[in-house]
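A.B. asks: dropping a prediction and its sequence here:
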Amino acid sequence: MAERKRRVVSAHEVQAAVEGVEIVGGAQKVTFMGQEFRMSDKIGLMPLMHLAVAGKRGLEANDMDGLVALYEVIRDCIEESEWPKFEKHAVDTKADGEDLQKVVADVIEVITARPTQSPGNSSPGRPQISANSKASSSETDTPTFAESP
């Protein structure tokens, strides 16, 4: 009798299934200003920390430190071979801070398999989580920089 191989399921896949997030096979992609780009499979902690510090300081999108922090995170979100194409597309489409922050939020959502917003009304909702679990869970929302007039 032929032995049946069991597929190994990662914690990432289990979490995505429980939270109702679909994981698409192959290279993950993010849509930005109407075009798809391959995502990095991991975002380094240091760029995220720079962005968090800039957000906590209340820096605006036109502040150099805030721009540098956002750039570092976006650079980490997009696969290296896709970066020149992504950067050119951002320039050509005159992407603003809100457009670029959405890329970061979308990539983090896929990488962590956690939606950064509540599911719509058609979803049965997320499972209840105890207060202890909520307190230790890390947040995935990115700081928002105010656009200057």
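C.D. replies: Looks like it arrived, so ask away.

A.B. asks: and the helices in this protein?
C.D. replies: Under the criterion DSSP state H, the chain contains helices at 11-19, 45-56, 64-77, 83-92, 97-112, 131-136.

A.B. asks: what packs against the longest one?
C.D. replies: Spelled out, it's helix 97-112. Secondary-structure packing of helix 97-112 (3 or more Cβ pairs under 8 Å, 6 or more residues apart in numbering; DSSP states H and E): strand 29-32, helix 64-77. All C-beta spots, glycine's among them, are computed from the backbone N, C-alpha and C.

A.B. asks: shaky segments in the protein?
C.D. replies: 1-27, 60-62, 113-149 (pLDDT under 70).

A.B. asks: next, the contact list for the residue nearest to Met39 when sequence neighbours are not counted, please.
C.D. replies: Nearest residue to Met39, sequence neighbours excluded (Cβ to Cβ, 6 or more residues apart in numbering): Gln28, at 4.6 Å. Listed by Cβ atoms under 8 Å, 6 or more residues apart in numbering, the contact set of Gln28 reads 38-39, 41, 110-111.

A.B. asks: against Gly58, how distant is Gln28?
C.D. replies: Using Cβ to Cβ, to the nearest Å, we find Gln28 at a distance of 32 Å from Gly58.

A.B. asks: out of the helices of the chain, flag the one nearest Gly34.
C.D. replies: helix 83-92 (8.8 Å; Cβ to Cβ).

A.B. asks: pretty sure Asp99 sits against Phe32.
C.D. replies: Yes - with contacts counted by Cβ atoms under 8 Å, Asp99 reaches Phe32, the gap being 7.3 Å.

A.B. asks: ok, back up a step: can you list the helices of the chain in a markdown table and add mean neighbour count?
C.D. replies: As requested, the helices of the chain are exported to a markdown table (neighbours: other Cβ atoms under 10 Å):
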| stretch | mean neighbour count |
| --- | --- |
| helix 11-19 | 13 |
| helix 45-56 | 16 |
| helix 64-77 | 19 |
| helix 83-92 | 14 |
| helix 97-112 | 19 |
| helix 131-136 | 7 |
